[in-house]
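Visitor: Make a model of this:
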Amino acid sequence: MTVDGGLLLLRTLERDCRTETAVLIDAWRRVPDRPMRLLVRRERSALWLERRARILGLEGALPGPFHRWLGSEVRAGTARNLLIESRAWEMAQWLHRLGVPFVFIKGSARGLLGDVYPGIDARVTTDVDILLRLPDARMFWDEMRKAGYEFAIDPAHLPSSHFHLMPLSTKDGVPVELHVSTAPGLAPEEAWRRATAGTTVLDSHGMRLSVPSATELLWLAIAHAEIDSAGGYDLKHFQDAAVLVGSRDVDWATIAKRLDDPEETRERARMESWLGAAASLAGCRLASLHRSANSPFDLSLALSWRFAVCRHAADHPRLVERLFDEGTRAAAGLPMARWVEGTACHGIAQRRIATLLARGMYATWRAARRDPEHRKAGGDL
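Guide: Numbers count the residues shown, from 1 in each chain. Sure, this is the predicted structure:
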């Protein structure tokens, strides 16, 4: 029977891997190559997978073509991260010369914390994220524009009230986002207070650089999973949270208090479920935080579905994205995706039909998974 590549990926990435190495080796030798590549790329887990394969001694078990492809992905991702790191260092030098206090957040912070929290830097970063106080952000944005930085995106795609200013970049295509807050509705003053309370200070390139505490980084991961809706359930987001959950540096009383605050999270039960999945990936349990009746989001089911989609729809990228999205929404209890504002009536109808078909395909797949004969034949991997 075909190996469940989604479950295999999850078992390999789990911090507390409970699957015997011999079972993993056998599964990796038999897993279909093309859908596995598509899944790993879609989940942005190549760097993480390569590290875990080395830790578990699986490198020799990966089929030659897949191993070479993974190496290529890792080299490309590492090169991209080095480019991002170079721009972040340039920004830090510039801000130091101006005497402007700042805090690296998101991917920029993860890149600096690899030695503190092993694995947190094991994914590709797309831009440089810096949190500044509001007047400083506006001043530095103007300085960047004077120095020749251009808009990195179409201004129409960024709401005027967004929590970072218009991203800027040079010809190398590395966007820099100057944040004045870290989430919609969070006052800039409060975002700055949180980010600078108990910061981790690191020495890098002869400079002292600040990143938020583990508690703040975890809360950012939780909050952005809610903001991103179905996109917040991509494996890369759980990876970030799992590394932090597995550390001993999180103030869980603060996390619980914010989960209780309706101004912080509108969907406590859903975010508890999300956090429970991250904890499972880290090999931990968070029973004291889990107050709702919802069980942790089932990552194994989600990745199994995504692998099945990669197997059967690999030649249709738009279909893959629709099936990934609606399968995740159904599993997480999210509403169906809405049409883009301004879409013509016939476009709305087409999107709704496609959405309903995607939901129906996911429901059919789930029903087959529940069938006793299917479970009996399927085994673990």
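
Visitor: Strands along the chain, start to end?
Guide: Taking DSSP state E as the test, the strands found in the chain are 103-104, 128-131, 150-151, 168-169, 176-179, 200-204, 207-211.

Visitor: right, and these - which one's nearest residue 60?
Guide: Each of the strands of the chain has some distance to residue 60 by CB to CB; the shortest is strand 200-204, at 35.1 Å. Any C-beta I mention is one placed from the backbone N, CA and C, and that applies to glycine too.

Visitor: and the strands of the chain as a markdown table, adding mean neighbour count, mean pLDDT and distance to residue 118?
Guide: Shown next, in a markdown table, are those (neighbours: other CB atoms under 10 Å; pLDDT from 0 to 100; distance: least, CB to CB, whole Å):
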| stretch | mean neighbour count | mean pLDDT | distance to residue 118 |
| --- | --- | --- | --- |
| strand 103-104 | 25 | 96 | 19 |
| strand 128-131 | 27 | 96 | 21 |
| strand 150-151 | 12 | 94 | 37 |
| strand 168-169 | 20 | 95 | 30 |
| strand 176-179 | 24 | 96 | 26 |
| strand 200-204 | 13 | 84 | 15 |
| strand 207-211 | 17 | 90 | 16 |
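
Visitor: Kindly reformat these as TSV and extend each row with distance to residue 300.
Guide: Shown next, in TSV, are the strands of the chain (distance: least, CB to CB, whole Å):
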stretch	distance to residue 300
strand 103-104	33
strand 128-131	31
strand 150-151	41
strand 168-169	38
strand 176-179	34
strand 200-204	33
strand 207-211	32
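
Visitor: what's the closest of these to residue 45?
Guide: Closest to residue 45 of the strands of the chain, according to CB to CB: strand 128-131, at 20.7 Å.

Visitor: Residues touching that closest one, excluding its own?
Guide: Contact partners of strand 128-131, identified using CB atoms under 8 Å, 6 or more residues apart in numbering, comprise 84, 87-88, 91, 95, 102-109, 164, 174-180, 182, 191-192, 195.

Visitor: one step back: could you point out which of the strands of the chain sits nearest residue 139?
Guide: Closest approach to residue 139 among these is made by strand 176-179 (9.9 Å; CB to CB).

Visitor: who's in contact with stretch 189-204?
Guide: Residues from elsewhere that reach stretch 189-204 (CB under 8 Å, 6+ apart): 89, 101, 103, 105, 112-113, 116, 131, 133, 163, 179-183, 208-216, 219.

Visitor: Mind giving me the ChimeraX select for those residues, buried ones only?
Guide: The following ChimeraX line selects those of the contacts of stretch 189-204 that are buried, judged by 16 or more other CB atoms under 10 Å:
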select :89,103,105,112,113,131,133,163,179,180,181,182,183,209,210,211,212,213,214,215,216,219
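
Visitor: ok, now how distant is residue 168 from residue 154?
Guide: Going from residue 168 to residue 154 by CB to CB, to the nearest Å gives 13 Å.

Visitor: Nearest residue to residue 286 in space, please, no chain neighbours.
Guide: residue 279 (4.8 Å; CB to CB, 6 or more residues apart in numbering).

Visitor: can I assume the one you found is in contact with residue 273?
Guide: No: if you go by CB atoms under 8 Å, residue 279 and residue 273 don't touch, sitting 10.8 Å apart.

Visitor: what is in contact with those two at once?
Guide: Counting by CB under 8 Å, 6+ apart, the shared contacts of residue 279 and residue 273 are residue 296.

Visitor: thinking again about what came up before, can you tell me the number of residues neighbouring the residue nearest to residue 286?
Guide: By other CB atoms under 10 Å, the residues close to residue 279 number 21.

Visitor: before we move on, what about the one 5 residues further on?
Guide: Summarising burial for residue 284: neighbours were counted as other CB under 10 Å, giving 14.

Visitor: Phi first, then psi, for it.
Guide: Note on residue 284: its backbone torsions stand at phi -120, psi 170 [degrees, to the nearest 10].
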